[in-house]
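> sequence plus predicted model, see below.
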2 protein chains.
Amino acid sequence: MTELEMMGQRAKAAAKQARGLSTTKKNRILHMVADALVDKTDDLLAANAPDVENAIAAGIKGAFIDRLTLNPARIQIMAKDMRHVAGLDDPVGEVMSMKTLPTGLTVGQTRVPLGVVGIIFESRPNVTADAFGLCFKAGNSVILRGGKEAIQTNTVIVDTCRDALAANGLNPDLVQLITDPSRERATELMRMTKYIDVLIPRGGAGLIKAVVENSLVPVIETGTGNCHIFVDASADLDNATRIILNAKTQRPGVCNACERVLVHKAIAEDYLPVLCKALTENDVELRGSAAAIAVCPQIAPAEAEEWYAEYLDLIIGIEIVESIDAAIAHIDEYSTGHSEAILTESYTNAQKFLHEVDSAAVYVNASTRFTDGSEFGLGAEIGISTQKLHARGPMGLRELTTGKYIIYGNGQTRQ
Amino acid sequence: MTELEMMGQRAKAAAKQARGLSTTKKNRILHMVADALVDKTDDLLAANAPDVENAIAAGIKGAFIDRLTLNPARIQIMAKDMRHVAGLDDPVGEVMSMKTLPTGLTVGQTRVPLGVVGIIFESRPNVTADAFGLCFKAGNSVILRGGKEAIQTNTVIVDTCRDALAANGLNPDLVQLITDPSRERATELMRMTKYIDVLIPRGGAGLIKAVVENSLVPVIETGTGNCHIFVDASADLDNATRIILNAKTQRPGVCNACERVLVHKAIAEDYLPVLCKALTENDVELRGSAAAIAVCPQIAPAEAEEWYAEYLDLIIGIEIVESIDAAIAHIDEYSTGHSEAILTESYTNAQKFLHEVDSAAVYVNASTRFTDGSEFGLGAEIGISTQKLHARGPMGLRELTTGKYIIYGNGQTRQ
C-alpha cells in the first residue's frame, strides 16, 4: 500500500466519524478551529514568509503573490469565514422525500455526506481553511492538494485544524494535506476510486483540464468562465454601460467577469462608440470582429480561436449580432456555460434568453459578477460548477452531499 | 470533422429543439412512436432474426440470447413502456427554488434537460426504445451505442423512432444510433466533451469499468451490485429465510440480487444449517469462510478476492460476523454500494444499520430486490447509479435533468 493509499484509507475511516457527528458538535468544532487559526497567527505568518520569498525568487509576480500572501487581517477573515460556515444550515439528515408504497415498503430519500472529497487547488492558503470548513460541515473528510508554492503555509494551516480536531476528541484525519508536489502524486490521487468519492479542482483552466482528463474519480468541473453580455436593441443603454463596466472591471481576474459583449446591430452604430469610449477610459483593451472594427476602428482584430478564451484581464471581445437568435447561437458556440446576461427592455426577449441559453446562470439586466455562492444566498461556496452533473453554478454545503435511499420493511419479498 | 462529431453536432442542435417542447407535445410524440413500433412489428422481427442467428452462430447462449430476442409480445411491452413514460410527470420546468435577495435580484433555480445524453449498452433491444423514451421525455437528445449483436434490430427500432419524429415535424436527430461496432468509435464517443453532456453505461461490470476509465465526458456509473443481507441475532428467522431466498433466487442475474449473507455469530450455529438447507434445496451453490464451513461443512471455501465479486448466478457467499459493527465493516470493505439489508427485530440495530451503511439503498427487513425505479415509485428507470455524484440509486426522469439559475435584475451591479 502506498503512502497516498494509506492516506485514503485514513480519510475513509475519518469520513465514517464525520457522517455521525451532530450539527451542534460540528459547529462547536468549527468555532474551535477558527480560534486556533487566530491563535496560531505567528506560526502561520512565519510559514508563509518563506513560501512568498521562494515564489518571488522563482520569478512569480502580481496577483499570484498577492493570493499567496497571508497577514493578520487575512487570517482573521479565514477564521471569520469558518465561523460563518458554522452558522449555516446543516444539509445532512434532510429527508428529501418519504412515502409508503403499495408493497407496504416505506421508501425515503435522505441527504448524506459524499464521504471523502479530494480538492486540488492552486497556491491560495484561504482555500485550504475554507475547503476544510465546508467539507467538514457537510460531514465529509477531505484530502487537500494545494499548489506547491504554498506548501509550508498549508502545512501549518492543516496542522492547526488537525490539532484542534484531536484536542476535541475527533479524528485529525478529517483533513489531510498531500505535501509531495509531484505530478505523479496528483495522478495517483485522481485514480484512487477506492477511497475518494469526488474530486473538485479549483483553479485555472489548465489545472481543471488536467484533472478532467486524468481522473477516474468523478470530478466536478469548476470555474472557467467565458461570460457574455448581449445588449439587445431595446436595452436601457445607460444601464448597459454601467453593467458592462461592472462585469468587466470590478474584478477582471475572476471567472464570473464578462469577457465578451454582443451588441444588436440595430443599435451598434450609435451605441458601440459610446461603450468603447467608456471601456477605454477604464483601461479595457478592445478586441473584436471586422464588423465591430468597421464601427469602432480603435478595436483591435480578434483571432478566430480567441473567442473561446477566458481573458481574466482588462480585455474584452466585441461582436455585432444580427438578432437575439444570433446572440444565442454565438453563446452556444463559444461559451464555457458559466454566466451570460441579456440587457433588454423586451419581455419576450428576456424570457427567450433565460429559456434558451444553456449556461449555469442566465441573467436579465444585471452584471454576471453576481454568480457566487454568497450572492445567490447559499451562504458560502466551494466552487462554481460549469458541468451539468450533480451541481451546476455555485456549489454550497448541499452540493457536498448526496442522497441515500432508506427502506423500512416488514418482511417484504419481490414477486 | 469526423462522422461521429457530425452526429454530436446534430444531437446538440436537436437538443435545443427538445428543450423547448411542451409536455403535451412530448407525450403525443411518445404515443405516436409507441404506435409506430407496434405497426413495424414485422420489420422489427425480420431484423431481429438474423441478429439472433448470428449471435447463436458465434457461440453465444443462454440469457444473452433471450435478452436479444424480440417477439410480438415483447414489442407490445416496448410500446406499453413508452406510453407509460408519456404518463409520467415532466420534470422539466420545475422551479426548485426562487427568492429575492437583498440586492433586489430574484434568483431562481429551475430544472432543465441535461442536453445530449450518450448511452452505451449491451445487446438488449428493449433498452434502445426505453432509453429514447426516457431521454426524450426529459427533454434531451440521445446518442445510442448498443451491443454489436443487436445492430440490425436497433437500426430498425431507431429508424422507426426517427421516422415518427420526422412525421410529426420534429428533428429526427433527437435519437441517433452508432452502427460502427468498433472500440475506436466507442472511445471517440467518450471523448466528445464538446457535444455530449453525460454518458450512461448500462451493462456488466466490464463495460462500466471500460467507460469509467476511458471517458472524458462525465459518466454516471450504474448497476454493479454486490448486495449483502445481514441476519442479526434478533432476526425473525422464518422471515429471514424467505427474504434471503427471494433476494437470491427470484432473479439471480440482476444487480439487486443478494450475493452475500452475513450471519450474527450468536445464531449461526442454529440458523446457518437451516438457511443452507433451504438455499441448497433451491439450487443455490454455497461458498463461505472457514468459520461458516465449520458450522456447515457443505459450504465450499470462498477465495479471498471472491468476496468482492458479483456472481449474478445461483451462488451465494456466507460469512459469520461477531457483531453488527463487524457486519457493517465487512460491507464497507466488499460492497459495491448498491443495496444492503439488515434483518432484525432490534430498533437500535435497524437505525444503526440504516445510518452507517454507505450504500445507495439500505433496507430493514425486506429483500434487496426492490431497488428499482418502478418499485421506488419513480415510474421508470434509466439505470441504478452506484456512484455518489448527481444521482444515487434508481434514476428516473428527474435524474436526466440538471439545474439552471435564472436571475431577474433591474440594473444591478456588484459592489
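Perfect, I can see it now. Keep in mind that this is a model prediction, so the values were computed, not measured.

> against chain B, how distant is the closest residue to A:Ala167 other than its chain neighbours?
Nearest non-adjacent residue to A:Ala167, counting by CB to CB, 6 or more residues apart in numbering or on different chains: A:Met32, 7.6 Å away. To be clear about C-beta, it is placed using only N, CA and C from the backbone, and glycine gets the same treatment. The gap separating A:Met32 from chain B is 25 Å, by CB to the nearest CB, to the nearest Å.

> just A:Ser385 next, same as before
From A:Ser385 to chain B the distance is 10 Å (CB to the nearest CB).

> which strand residues bridge that residue?
Beta-bridge pairing of A:Ser385 under DSSP bridges involves A:Thr222, A:Gly393.

> could you point out the helix or strand that follows the helix or strand hosting A:Arg242?
Using DSSP states H and E, A:Arg242 maps to helix A:237-249. With elements assigned by DSSP H and E, the helix or strand that comes after helix A:237-249 is strand A:258-264.

> show me the contact partners of that next one.
Strand A:258-264 has contacts (CB atoms under 8 Å, 6 or more residues apart in numbering or on different chains) with A:225-233, A:235, A:244, A:247-248, A:271-272, A:275, A:292, A:307, A:309-311, A:315-321, A:323-324, A:327, A:330-331, A:334, A:341, A:367-369.

> and chain B, is the next helix or strand after it touching that?
Using DSSP H and E, the next helix or strand after strand A:258-264 towards the C-terminus is helix A:265-281. No: using CB under 8 Å from any CB of the partner chain, helix A:265-281 stays clear of chain B, with a minimum separation of 13.4 Å.

> lowest-pLDDT helix or strand in chain A?
The helix or strand of chain A with the lowest confidence, counting by mean pLDDT, DSSP states H and E, is helix A:205-214 at a mean of 88.

> list the helices and strands whichever helix or strand comes after that one packs on?
Per DSSP H and E, helix A:205-214 leads on to strand A:227-231 as the next helix or strand towards the C-terminus. If contacts are counted by 3 or more CB pairs under 8 Å, 6 or more residues apart in numbering or on different chains; DSSP states H and E, strand A:227-231 sits against helix A:237-249, strand A:258-264, helix A:265-281, helix A:324-334, strand A:339-343.

> returning to that earlier point: any residue of the least confident helix or strand of chain A touching chain B?
Yes: on the criterion CB under 8 Å from any CB, helix A:205-214 is in touch with chain B at A:212-213.

> buried ones in that helix?
By 16 or more other CB atoms under 10 Å in any protein chain shown, the buried positions in helix A:205-214 come out as A:205, A:207-208, A:210-212, A:214.

> and those residues, which is closest to chain B?
A:Val212 (6.2 Å; CB to the nearest CB).

> wait, isn't the closest one in contact with A:Glu221?
Yes: counting by CB atoms under 8 Å, A:Val212 does reach A:Glu221; the two are 5.9 Å apart.

> who touches both of the two?
Shared contacts of A:Val212 and A:Glu221, defined by CB under 8 Å, 6+ apart, comprise A:Pro201.

> all helices of chain A, in order?
For chain A, the helices defined by DSSP state H cover A:3-19, A:23-39, A:41-57, A:63-68, A:72-86, A:125-137, A:151-167, A:183-190, A:205-214, A:237-249, A:265-281, A:290-295, A:324-334, A:347-356.

> dump the residue contacts of A:Ile243.
A:229, A:341, A:343, A:365-367, B:411-413.

> neighbour-wise, which one of the residues you listed leads?
When neighbours are counted by other CB atoms under 10 Å in any protein chain shown, A:Ala341 leads these with 32 neighbours.

> quickly list what the nearest residue to it once chain neighbours are set aside is bridged to.
Among residues not flanking A:Ala341 along the chain, A:Tyr363 sits closest, at 3.8 Å (CB to CB, 6+ apart). In this entry, A:Tyr363 is beta-bridged to A:Ala341, B:Ile407, by DSSP bridges.

> just to check, A:Tyr363 is in contact with A:His338?
No: with contact defined as CB under 8 Å, A:Tyr363 does not reach A:His338; the gap is 11.4 Å.

> so stretch A:195-203, near chain B or not?
Yes: against chain B, stretch A:195-203 shows contacts by CB under 8 Å from any CB at A:197-198.

> average pLDDT for that stretch?
Taken as a whole, stretch A:195-203 has a mean pLDDT of 92.

> name the residues that touch it?
Defining contact as CB under 8 Å, 6+ apart, one finds that stretch A:195-203 is touched by A:5, A:8-9, A:11-12, A:114-122, A:127, A:131, A:143, A:147, A:189-190, A:207-208, A:210-212, A:215, A:217-223, A:382-383, B:388-389.

> out of those, which end up buried?
Among these, those buried by neighbour count (16+ other CB under 10 Å) are A:8-9, A:11-12, A:114-122, A:127, A:131, A:143, A:147, A:189-190, A:207-208, A:210-212, A:215, A:217-223, A:382-383, B:388-389.

> what parts of the stretch 251-400 of chain A come near chain B?
Taking CB under 8 Å from any CB as the contact definition, the stretch 251-400 of chain A meets chain B at A:332, A:354-356, A:358-367, A:369-371, A:375-377, A:387-394.

> swap the cut-off to 6 Å and go again
Contacts of the stretch 251-400 of chain A with chain B, taken as CB under 6 Å from any CB of the partner chain, map to A:354, A:361-367, A:369-370, A:376-377, A:387-390, A:392-393.

> now stretch A:330-338: buried residues?
In stretch A:330-338, counting by 16+ other CB under 10 Å, buried: A:330-332, A:334-338.

> I'm done for today, thanks for sticking with me.
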